[in-house]
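Q: missing the sequence, but the structure's below:
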């Protein structure tokens with residue numbers, strides 16, 4: 001029985017079902033739900049006595065890009081293994097993805113569904129063989145159908161397929177994503193559509209309130225199977241990504257509110273518009289104003305309709321998303337520092353993620369960093385030779401989201417926001433001395449004017465500093481091996497205030513630390529010279545949580561195995577508030593303040609100044 005659904009069974013049945021779900025979640029934590037479907041083994045055995053029907057047939061008639069769909073089904077011999085998959089396009093046989101298996105004709109069904117639910121989520125299905133489920137669909141450029149399978153996820157047998165349903169305009173521009181440009185007074189707008197440049201001309205119409213709007217053209221890119229690196233992205237996980245458009249809005253006035261909408265000019269001169277939105281331009285570097293920054297990693301996506309085993313892969317994702325949305329009027333910029341969607345080669349999930357966070361990304365700059373689940377793939381130049389990206393090898397994240405990198409394949413960059421300088425590293429590429437990235441990090445840290453931008457922040461996905469997460473503690477390094485050895489002298493020399501990491505799915509804050517020693521015994525208020533960097537693991541954005549070592553190191557001030565994010569508030573050049581908030585309620589569970597004058601930044605502490613030459 002589906003939790004919260006009506007029907008027989010009573011409280012005992014509901015408890016039993018919840019316990020079953022918990023057991024399933026525990027057994028498959030960290031496993032992309034779509035990867036559990038052995039679609040390559042699927043057989044087609046259509047049964048005339050089984051049926052599936054979806055309604056309404058036309059979605060988004062008022063321009064909506066999400067819609068709820070009722071799916072009714074009947075099966076002659078119901079079992080607990082029966083499931084309903086959402087496929088798009090609706091014709092999902094092998095002809096829809098030619099060439100993915102070389103000379104091998106491949107399976108009859110060659111693409112994974114977008115999502116699925118078990119038929120027995122519908123009450124009384126096991127007794128009657130009849131059921132009704134609700135699915136939430138988003139506009140993904142193609143039509144949809146619902147397929148009924150028996151045999152569970154490991155040996156699926158297709159017995160019925162529904163009618164096709166579609167959005168009124170499947171090609172419409174959707175899911176705008178703001179990001180800082182390469183200069184402080186430039187905002188970029190990226191979105192997805194079904195329109196190639198030969199079909200329609202992408203634009204952003206924008207301007208300040210009470211002023212006539214102007215229009216800026218957007219560039220258009222896409223990619224094909226040959227642009228990505230391996231399985232499942234090139235096979236069962238493949239889905240046409242549509243077209244990605246980016247416009248650059250330049251010469252913005254600092255802190256001014258701008259209104260915009262994305263659109264496409266059709267050959268007849270008419271325009272297909274997306275939803276209108278607004279953003280506030282960045283303060284100029286060094287501007288003394290209230291500035292609020294949110295930082296987290298490892299969020300992923302989840303399904304509001306309860307699909308994919310109740311989204312046990314990213315159980316905290318929606319809480320984090322919704323808590324940020326509620327406080328969006330008090331957030332100026334967001335950093336999602338790696339492990340973005342956890343699509344892991346199932347390309348449809350990037351659409352799902354961009355829709356989930358649209359309420360955030362359409363209003364404030366959403367800056368991302370590269371993580372193992374975006375980049376890692378053997379023999380593709382990533383520092384780690386794993387397969388966590390599912391064959392994406394960075395192509396999806398580099399295309400779906402803009403970042404002000406010099407080379408999109410090397411995902412490191414700097415960005416200024418008022419009194420902040422952010423140096424964003426790419427932990428999936430070599431950071432050691434002598435490398436291109438090490439030179440970038442030093443240049444980013446060294447070129448900031450601390451009198452105007454006193455708050456210097458280092459960001460990377462993997463923990464290049466300090467973590468007592470179980471996996472790092474078990475290895476004995478309490479960080480990525482060799483990381484601190486290569487970088488801690490840079491952090492100390494340039495007096496980095498804060499360093500943030502994801503990868504470990506929990507929250508941990510250190511003291512201001514250098515060479516594993518605390519520079520201050522304080523826990524909640526720091527003043528005076530920058531004697532060390534506060535290192536923060538904030539990887540509890542939504543994915544399954546990670547445990548800590550049994551022993552707590554002396555440099556670990558606060559840690560908890562919970563979902564949450566960090567919010568930084570700069571009040572002026574000398575006062576900063578750090579808050580860790582849980583995603584479940586948005587309340588503060590850890591905090592500290594920094595009060596510091598410019599002379600404190602200049603003050604020499606261990607290894608931060610060149611040695612003094614004694615007088616002759």
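A: Perfect, I can see it now. Please read all numbers here as calculations on a predicted model, not as lab measurements.

Q: so where do the helices sit in the stretch 51-200 of the chain?
A: Applying DSSP state H, counting those that start in this stretch to the stretch 51-200 of the chain gives helices spanning 125-128.

Q: What of the stretch 401-550 of the chain?
A: Listed in chain order, the helices of the stretch 401-550 of the chain (DSSP H, counting those that start in this stretch) span 436-446, 470-475, 483-493.

Q: Out of the ones you listed, which is the most enclosed?
A: Each of the helices of the stretch 401-550 of the chain was scored by mean neighbour count; the highest is helix 483-493, a mean of 20, by mean count of other Cβ atoms under 10 Å. Heads up, the C-betas are built off the backbone N, CA and C, glycines and all.

Q: Next, the contact list for the most centrally placed residue in the chain, please.
A: Centroid-nearest residue in the chain, with Cα atoms, centre = their mean: residue 340, separated by 2.5 Å. By Cβ atoms under 8 Å, 6 or more residues apart in numbering, the contact list for residue 340 reads 299-300, 353, 368, 371, 373-374, 397, 401.

Q: Sort out which one of these lies nearest residue 273 for me.
A: Of all these, residue 273 sits closest to residue 401, with 22.3 Å by Cβ to Cβ.

Q: What's the separation between residue 36 and residue 195?
A: 34 Å (Cβ to Cβ, to the nearest Å).

Q: So the two - more neighbours on which side?
A: residue 195 (21 against 16; other Cβ atoms under 10 Å).

Q: list the contacts for the more buried one?
A: Contacts for residue 195 were tallied using Cβ under 8 Å, 6+ apart; they are 171, 173, 202, 243, 264, 272.

Q: try 7 Å
A: Contacts of residue 195 were listed using Cβ atoms under 7 Å, 6 or more residues apart in numbering, and they are 171, 243, 264.

Q: I'd say the first one and residue 141 touch.
A: Yes - with contacts counted by Cβ atoms under 7 Å, residue 171 reaches residue 141, the gap being 6.2 Å.

Q: intersection of neighbour lists for those two?
A: Residues touching both residue 171 and residue 141 (Cβ under 7 Å, 6+ apart): residue 194.

Q: Need phi/psi at residue 600.
A: phi -70, psi -30 (degrees, to the nearest 10).

Q: Now for it, how many residues are close by?
A: 19.

Q: Return the distance of it relative to residue 460.
A: Distance of residue 600 to residue 460, given as Cβ to Cβ: 26 Å.

Q: quick one: which of the contacts of residue 340 sit in helices?
A: Counting by DSSP state H, the part of the contacts of residue 340 found in helices is 353, 373-374, 397.

Q: Including distance to residue 278 and neighbour count, could the residues you listed go into JSON lines?
A: Shown next, in JSON lines, are the ones in helices among the contacts of residue 340 (distance: Cβ to Cβ, whole Å; neighbours: other Cβ atoms under 10 Å):
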{"residue": "353", "distance to residue 278": "22", "neighbour count": "23"}
{"residue": "373", "distance to residue 278": "32", "neighbour count": "27"}
{"residue": "374", "distance to residue 278": "29", "neighbour count": "32"}
{"residue": "397", "distance to residue 278": "26", "neighbour count": "26"}
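
Q: which among these gets closest to residue 425?
A: Nearest member of the ones in helices among the contacts of residue 340 to residue 425, counting by Cβ to Cβ, is residue 374, at 13.9 Å.

Q: Apart from its chain neighbours, what residue comes closest to the closest one?
A: Leaving out its chain neighbours, the residue that sits closest to residue 374 by Cβ to Cβ, 6 or more residues apart in numbering is residue 397, at 4.1 Å.

Q: do residue 171 as well
A: residue 194 (3.1 Å).

Q: Same question for residue 455.
A: Nearest non-adjacent residue to residue 455 (Cβ to Cβ, 6+ apart): residue 420, at 4.8 Å.

Q: Tally up the residues packed near that neighbour, please.
A: 24.

Q: Show the pLDDT at residue 41.
A: Residue-level confidence at residue 41 comes out at 89, pLDDT.

Q: just checking, it touches residue 155?
A: Yes - in this structure residue 41 lies within contact range of residue 155 using Cβ under 7 Å: 6.1 Å.

Q: pLDDT-wise, which helix or strand of this structure ranks last?
A: Every helix and strand in the chain was compared by mean pLDDT, DSSP states H and E; the lowest is helix 10-27, with a mean of 39.

Q: before we move on, back to that, closest to residue 543 out of the contacts of residue 195?
A: When the contacts of residue 195 are compared for distance to residue 543 (Cβ to Cβ), residue 243 wins out at 29.2 Å.

Q: Now do the residue nearest to residue 455 against residue 189, distance only.
A: The value you get for residue 420 to residue 189, if Cβ to Cβ is used, is 22 Å.

Q: ok, now residue 355?
A: For residue 355, the distance to residue 189 - Cβ to Cβ - is 16 Å.

Q: Looking at these two, which one has more neighbours?
A: More crowded of residue 355 and residue 189, by other Cβ under 10 Å: residue 189, with 26 against 19.

Q: Go ahead and confirm that one touches residue 262.
A: Yes - shown here, residue 189 and residue 262 form a contact pair, counting by Cβ under 7 Å, at 6.5 Å.

Q: where do the contact lists of these two overlap?
A: Joint contacts of residue 189 and residue 262 (Cβ under 7 Å, 6+ apart) are 176, 204.

Q: Off-centre distance for whichever strand or helix holds residue 245?
A: Residue 245 is part of strand 243-249, with elements assigned from DSSP states H and E. The chain centre lies 19 Å from the centre of strand 243-249; the measure is Cα atoms, centre = their mean, to the nearest Å.

Q: what element comes up after that strand heading to the C-terminus?
A: Past strand 243-249, the next helix or strand by DSSP H and E is strand 257-265.

Q: Tell me the helix or strand right after that next one.
A: Using DSSP H and E, the next helix or strand after strand 257-265 towards the C-terminus is strand 271-273.

Q: Which residues in that following strand does the neighbour count mark as buried?
A: For strand 271-273, a neighbour-count test (16 or more other Cβ atoms under 10 Å) marks residue 272 as buried.

Q: residue contacts, the nearest residue to residue 273 once chain neighbours are set aside?
A: Sequence neighbours aside, residue 263 is the residue nearest to residue 273 in space, at 4.4 Å (criterion: Cβ to Cβ, 6+ apart). By Cβ under 7 Å, 6+ apart, the residues touching residue 263 are 173, 203, 205, 271-274.

Q: Can you check the pLDDT for the residue nearest to the centre of the chain?
A: For residue 340, the pLDDT comes out at 98.

Q: which SS state does it fall under?
A: coil (DSSP: H, G, I helix; E, B strand; the rest coil).

Q: Would you mind measuring from it to residue 241?
A: 15 Å.

Q: what about the closest residue to residue 252 other than its chain neighbours, how many neighbours?
A: Among residues not flanking residue 252 along the chain, residue 281 sits closest, at 3.9 Å (Cβ to Cβ, 6+ apart). For residue 281, the count of nearby residues is 20 (other Cβ under 10 Å).

Q: pretty sure residue 281 is in contact with residue 256, am I right?
A: Yes - with contact defined as Cβ under 7 Å, residue 281 counts as touching residue 256 (5.1 Å).
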